[in-house]
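here is a sequence together with a model predicted from it:
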Amino acid sequence: MHLEIVSFFDRPSAAREARSTLRALQRELRLGRIRSMAVITRPAIDDIRFEQDGDVGVGAGARFGTIAGALLGALLLAPVIGFLAISASLDSPPPDLSGRELLAGVALVSAFVSGITALAAALGGALIGALTAMLLNFGIPQRHLYAIGKELAVGQGALVLRVQEPYRQPIIDKLALSGGTLMRERRADEVVSAASDDMLAARFAAHAYGGGTGSAAAGRYVPAEQAQAPVDPQQRDLIVAEFANVTQARQARRRLSRLRHKLGRLSTGNNAIVTHDHKGQIQIQQTEDVTTGRGASFGLGLGALVGLLIFGFFGIAVGLLVVVMNEGANPSPEAVREGMLAGIILLGGGGAMLLGMIGALIGAVIASLINLAYNDTDLRRIAQTLPAGKALLLSSVYHHGGPTVVAELEASGAIIRYTPLPAAQMAETVINEARNAALSTGDPKSADTLQLITTRAGVRIFTDWRRRSERTIVLLHGAGGDHLAWRVQYPALHAAGYSTLALDLRGHGYSDRPRGADDYRLERFAEDLSDVLTALDIREFIIVGHCFGGMVATMFHQANPRLSRGYVLIDTAARAPVLPHWLASRTPWVIGLAGRVLELLPNERRRLFHADMESFKGTRDIEPSRLVSDAAHTTLRAWLLVYRGIAQYDGIDALRSMTQPVWVVVGEQDTVFTVADSQLIQHHVPGSRLITVPDANHIIVVNNPEVVEQLILDFTRDTQAFTHPAPWFT
């Protein structure tokens with residue numbers, strides 16, 4: 001069954017961009033065939049235009065049939081019929097004609113018969129083409145598009161499409177996130193109500209001001225209300241189901257694999273079965289586990305084969321050359337065979353070893369990048385919490401396929417432990433369902449809540465909100481981190497009577513990871529923070545940002561200059577480092593190209609747990625193990641896109657506009673963003689204070705947590721940010 005979706009846009013270009021976005025989404029998620037998609041525009045009050053994909057009208061079918069028939073008649077039928085006509089003419093020629101006259105007559109008859117044949121074939125093709133187009137046309141009738149166009153205001157655009165029922169919601173959400181307004185036809189009772197309005201006045205106003213009737217009371221279409229905020233269809237969730245035994249889990253996995261025929265890629269991706277048997281043995285099976293070892297083995301075999309073939313043929317040539325040089329132009333067959341064999345063994349074998357090792361290295365690296373399986377260490381931690389004999393099935397699924405997958409698992413006898421990932425640690429989910437459910441509800445009566453909040457962009461942001469008063473400390477982590485970076489500071493801040501709100505910024509932790517490169521610009525992170533504060537109704541707050549979090553805080557101020565009561569900017573910068581800033585400003589195409597390339601990397605989360613930040617206490621600024629951990633927990637793709645966003649960062653104008661209290665904190669030994677970077681921030685922020693922390697480096701939040709918490713408390717006390725209304729609020 002196909003359903004019609006109508007979405008209005010403020011600009012025709014937005015409607016066309018949405019059409020391109022839906023086509024890309026269709027290819028990625030295999031959302032069946034969108035049979036018809038039309039863009040409608042209204043440049044003037046009496047000018048309605050539309051362009052449609054999938055529209056094969058009767059006229060187009062007739063034109064195609066005419067051309068095809070004419071070609072078929074001229075190339076195939078006409079020569080045959082012309083040959084028959086010539087044969088008939090030659091069988092009984094008039095006796096009084098000369099040879100030349102006979103040939104001219106035969107040619108004339110042949111041309112006439114061929115022309116008539118081509119014309120008849122063209123007419124027949126036109127008829128067949130028109131009938132075929134009439135029967136097979138999937139386009140939307142033009143009079144229907146024209147009627148929708150009359151609903152538009154001048155300068156607006158509309159996108160109309162017909163889709164299959166299972167793919168309706170993801171397409172609607174994508175349209176909403178692209179700036180569209182979903183429309184529906186008025187109900188009968190609404191039409192009666194509209195008829196009671198002054199129709200003449202409404203129509204006169206619409207024409208007088210150059211608009212259509214899109215927002216008038218008598219309009220045929222009205223905005224459709226959505227039950228919940230739209231979620232990006234490209235976002236993935238994790239569903240955790242418990243089974244009585246591993247046999248049930250395997251049967252459920254087979255049922256999920258059959259869903260692909262119904263849902264396309266909206267069905268599950270990687271499925272992992274985790275069991276803890278009665279002997280205490282842990283077993284893990286994953287459908288998309290491309291381990292580093294497998295990648296290395298495949299690369300080794302492929303490289304060795306290529307090396308043997310390439311260097312082997314070269315070895316044969318070298319062996320023959322050596323034999324000829326030693327024995328002359330007529331060597332014996334035995335010498336030839338021995339020379340060829342020696343060349344294959346020496347050069348072919350050496351080449352196989354060389355390319356085999358190179359292939360193993362490349363295979364291991366590629367496997368580590370494209371492997372979508374969950375981390376075995378995390379799965380073993382989960383398995384240890386399982387009762388003996390039980391089995392867990394963890395399924396990665398695109399968001400809009402979740403309800404169907406859950407229903408299929410429940411039909412298989414599963415107990416759904418959690419969906420989606422995550423409002424709490426996975427191990428806590430398995431150990432204590434009740435506690436996890438209480439934490440994830442976002443009950444306003446609960447002091448501590450862990451929530452997934454959907455922003456205006458459809459990105460779900462994980463929040464750890466711990467309420468102690470109306471005064472809130474908003475904590476923003478650095479690149480590659482998560483909300484747990486601030487866990488050590490919680491007790492001191494709560495003891496002082498402050499609430500804390502720690503986020504997993506988009507692309508990090510348990511928050512969503514958008515696909516587009518431009519989704520990781522600093523402005524998008526600032527919008528997420530604004531949406532979270534609005535959703536939680538937090539009004540009295542200061543913002544503490546470390547490194548990348550400080551940049552987000554700066555961009556938040558640029559968009560919302562009067563909301564925060566103050567800022568503590570820790571180990572951050574006023575703009576991107578010199579080289580990335582130069583590339584972004586002088587050669588933006590390089591940054592754009594990098595974004596397009598990074599978008600091709602896998603986007604699925606492999607680590608189920610947050611990074612253990614405390615394990616890196618005492619580490620240096622550039623610590624390879626910590627950087628690898630950051631990339632693993634963030635996903636390499638999102639991690640690199642965050643740094644691409646940093647390359648485009650310039651917060652000078654935002655810093656100059658700060659009138660709230662601002663403290664700039666920097667570790668004396670920071671080599672990522674140095675003391676000079678913090679001095680530049682202080683220079684641009686009027687009345688700000690610079691604090692240099694001795695014996696501290698860039699990882700000050702982890703290495704010197706007691707210093708950070710004391711600085712936050714000193715800031716609130718010395719600046720009295722929460723005590724008196726500040727002039728920027730009036």
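Sure thing, it's come through. This is a predicted model, so every value here is computed, not measured. Numbering: from 1, shown residues only.

wait, Leu347 sits on Leu321?
No - using Cβ atoms under 8 Å, Leu347 makes no contact with Leu321, being 11.9 Å away. In this view, the C-beta of every residue, glycine as well, is placed from N, C-alpha and C.

tell me which of these two has more neighbours.
Just comparing Leu347 and Leu321: by other Cβ atoms under 10 Å the higher neighbour count belongs to Leu347, 22 against 12.

confirm that one sits in a helix?
Yes - counting by DSSP: H, G, I helix; E, B strand; the rest coil, Leu347 is located in a helix.

so who does it touch?
Phe311, Gly312, Phe314, Gly315, Val318 (Cβ atoms under 8 Å, 6 or more residues apart in numbering).

now with 10 Å, please.
Gly307, Leu308, Ile310, Phe311, Gly312, Phe313, Phe314, Gly315, Ile316, Ala317, Val318, Gly319 (Cβ atoms under 10 Å, 6 or more residues apart in numbering).

and the next element down the chain from the strand or helix carrying Leu308?
Using DSSP states H and E, Leu308 falls within helix 292-327. Per DSSP H and E, the first helix or strand lying C-terminal to helix 292-327 is helix 333-343.

flag every buried residue along that next one.
Across helix 333-343, burial judged by 16 or more other Cβ atoms under 10 Å covers Ala335, Gly339, Met340, Ala342, Gly343.

and the angle for the helix holding Leu308 with helix 333-343?
Inter-element angle recorded for helix 292-327 and helix 333-343: 150 degrees (by axes from the mean of the first three to the mean of the last three Cα atoms, to 10 degrees).

which other helices and strands contact helix 292-327?
helix 333-343, helix 349-370 (3 or more Cβ pairs under 10 Å, 6 or more residues apart in numbering; DSSP states H and E).

low-confidence ranges, the chain, go.
Across the chain, the ranges flagged by pLDDT under 70 are 1-2, 31-35, 54-61, 73-114, 133-139, 188-218, 289-291, 369-371, 418-446, 724-730.

residue contacts, Ile282?
Shown in contact with Ile282 (Cβ under 10 Å, 6+ apart): Val274, Thr275, His276, Asp376, Leu379, Arg380, Arg381, Ile382, Ala383, Gln384, Leu386.

count of residues packed around the closest residue to it other than its chain neighbours?
Leaving aside its sequence neighbours, Ile282 sits nearest to Ala383 (Cβ to Cβ, 6 or more residues apart in numbering; 4.4 Å). Ala383 has 20 neighbouring residues, counting by other Cβ under 10 Å.

now do the contacts for Ala383.
Ala383 sits next to Val274, Thr275, His276, Asp277, Gln281, Ile282, Gln283, Ile284, Lys390, Ala391, Leu392, Val430 when contact means Cβ under 10 Å, 6+ apart.

again with Gly149
Gly149 neighbours (Cβ under 10 Å, 6+ apart): 38, 40-42, 47-50, 156-158, 160, 212, 214.

would you mind measuring from the residue lying closest to Ile358 once chain neighbours are set aside to Ile310?
Spatial nearest neighbour of Ile358, chain neighbours left out: Gly303 (5.7 Å); criterion: Cβ to Cβ, 6+ apart. Distance, Gly303 to Ile310, by Cβ to Cβ, to the nearest Å: 11 Å.

these two: who's more crowded?
The neighbour comparison of Gly303 against Ile310 (other Cβ under 10 Å) goes to Gly303, with 23 against 15.

do I have it right that the more buried one meets Ala364?
No - Gly303 sits out of contact with Ala364 when judged by Cβ atoms under 10 Å, with a separation of 11.6 Å.

the strands in the stretch 101-250 of the chain, which residues?
Secondary structure of the stretch 101-250 of the chain (DSSP state E, counting those that start in this stretch): strands located at 157-164, 181-185, 221-223, 236-243.

could you dump those to CSV with distance to Asn326 and mean neighbour count?
Shown next, in CSV, are the strands of the stretch 101-250 of the chain (distance: least, Cβ to Cβ, whole Å; neighbours: other Cβ atoms under 10 Å):
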stretch, distance to Asn326, mean neighbour count
strand 157-164, 74, 22
strand 181-185, 84, 17
strand 221-223, 90, 17
strand 236-243, 66, 23
